[in-house]
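J.: fold the following for me, if possible:
(one chain, ligands or ions: 1)
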Amino acid sequence: MATPAARPLGAQPGATRPARSTPPDAWLKPGIFVGSLVPLAYLVWRAATNRLGANPIAEIENELGLAGLILLVASLACSPARRAFGWTWAPRVRRELGLLAFFYASLHVAVYIFIDQALNVSAMTADVLKRPFITVGFAAMVLLIPLALTSTKQSIRRMGFKRWQRLHYLAYVAAILVVIHFFWRVKIDVSQPLIYAYVLASLFVIRAGVWLLQKRRPARPVAGAG
Ligand code: HEM
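T.: From the prediction side, this is the model:
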């Protein structure tokens with residue numbers, strides 16, 4: 001569930017990067033892990049102390065779904081952040097962010113299946129088929145599964161980098177579907193989903209800019225030719 005490593009915009013291949021943009025690995029991944037679990041711990045505390053409001057199941061579903069979306073967008077922002085700001089540490093946590101996004105999305109769907117719908121298969125099937133907001137959420141979840149399953153280095157080796165990269169571009173499709181899911185859920189006040197739509201659009205613009213710059217860069221002469 002990641003896109004491949006990339007150079008900062010305009011950087012030459014092999015150029016050394018400023019050390020200040022590279023926080024030590026020792027705390028980077030544990031920090032991401034602990035930080036990402038804070039929303040879950042807070043949710044558990046609110047549930048244990050009856051602070052989830054009038055509709056606790058909807059509250060739990062929404063909080064878990066939102067955490068999944070935030071982490072998914074954060075994982076997609078890693079390569080553009082490296083390109084745009086030279087944050088070389090960002091791609092090193094892309095995989096963890098993607099897997100944590102999948103973790104929250106799975107909890108979100110599990111709450112829907114086991115608590116909200118109480119394992120009522122016909123009600124869930126009707127929901128997926130008849131409620132477009134659930135249909136797109138379902139499609140997003142289906143897309144996230146192969147990405148999570150192929151997030152290991154062995155998968156990259158087994159599939160070959162290009163094929164793996166093409167598959168992992170599906171993370172963008174999943175994120176777009178989740179944003180649509182969010183829009184259709186809130187219906188009237190779209191201010192929150194709009195933020196994620198803008199962030200995703202910005203990431204696309206950065207990627208498109210990088211792609212155009214790479215296309216316009218003149219091909220380097222082949223050594224010994226001519
Ligand atoms: C089978 C797939 C899915 C189902 C059945 C589903 C179901 C739901 C339901 C029922 C709600 C509204 C809860 C309520 O207000 O009563 C919701 C909201 C939401 N879901 Fe999903 N969802 C699915 C997949 C996903 C995925 C994959 C993500 C993110 C990675 C996601 C993110 C969200 C978000 C962001 C909200 C709105 C949160 C808010 O209003 O603050 N959903 N989903």
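
J.: please name the residues that touch V73.
T.: Listed by Cβ atoms under 8 Å, 6 or more residues apart in numbering, the contact set of V73 reads A175, Y196, V199, L200, L203. Yep, even glycine has a C-beta here, placed from its N, CA and C like the rest.

J.: for W45, see how far away it is.
T.: As judged by Cβ to Cβ, to the nearest Å, V73 and W45 stand 25 Å apart.

J.: what's the answer for P80, then?
T.: 34 Å.

J.: tell me which element the spatially most central residue of the chain falls in.
T.: Centrality entry for the chain: nearest residue to the mean C-alpha point is L72, 1.7 Å, by Cα atoms, centre = their mean. In the assignment (DSSP states H and E), L72 maps to helix 56-85.

J.: looking at P80 and W45, which one has more neighbours?
T.: Using other Cβ atoms under 10 Å as the criterion, P80 and W45 rank with P80 on top: 22 against 10.

J.: what does the protein have sitting close to the ligand?
T.: The chain has residues 58, 61-62, 65-66, 68-69, 72, 101, 105, 108-109, 112, 134, 137-138, 140-141, 144, 178, 181-182, 185-186 near the ligand, with proximity defined as Cβ under 6 Å from any ligand atom.

J.: could I have the ChimeraX command that selects the buried members from these?
T.: Per 16 or more other Cβ atoms under 10 Å, the buried members of the residues of the chain next to the ligand correspond to this ChimeraX selection:
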select :61,62,65,66,68,69,72,101,105,108,109,112,134,137,138,140,141,144,178,181,182,185
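
J.: and for S155, the neighbour number?
T.: 16.

J.: in contact with the nearest residue in space to it that is not next to it in sequence, which residues?
T.: Leaving out its chain neighbours, the residue that sits closest to S155 by Cβ to Cβ, 6 or more residues apart in numbering is W164, at 6.3 Å. Residues counted as contacts of W164 (Cβ under 8 Å, 6+ apart) are T150, S155, I156.

J.: surely L143 touches A175?
T.: No - if you go by Cβ atoms under 8 Å, L143 and A175 don't touch, sitting 9.4 Å apart.
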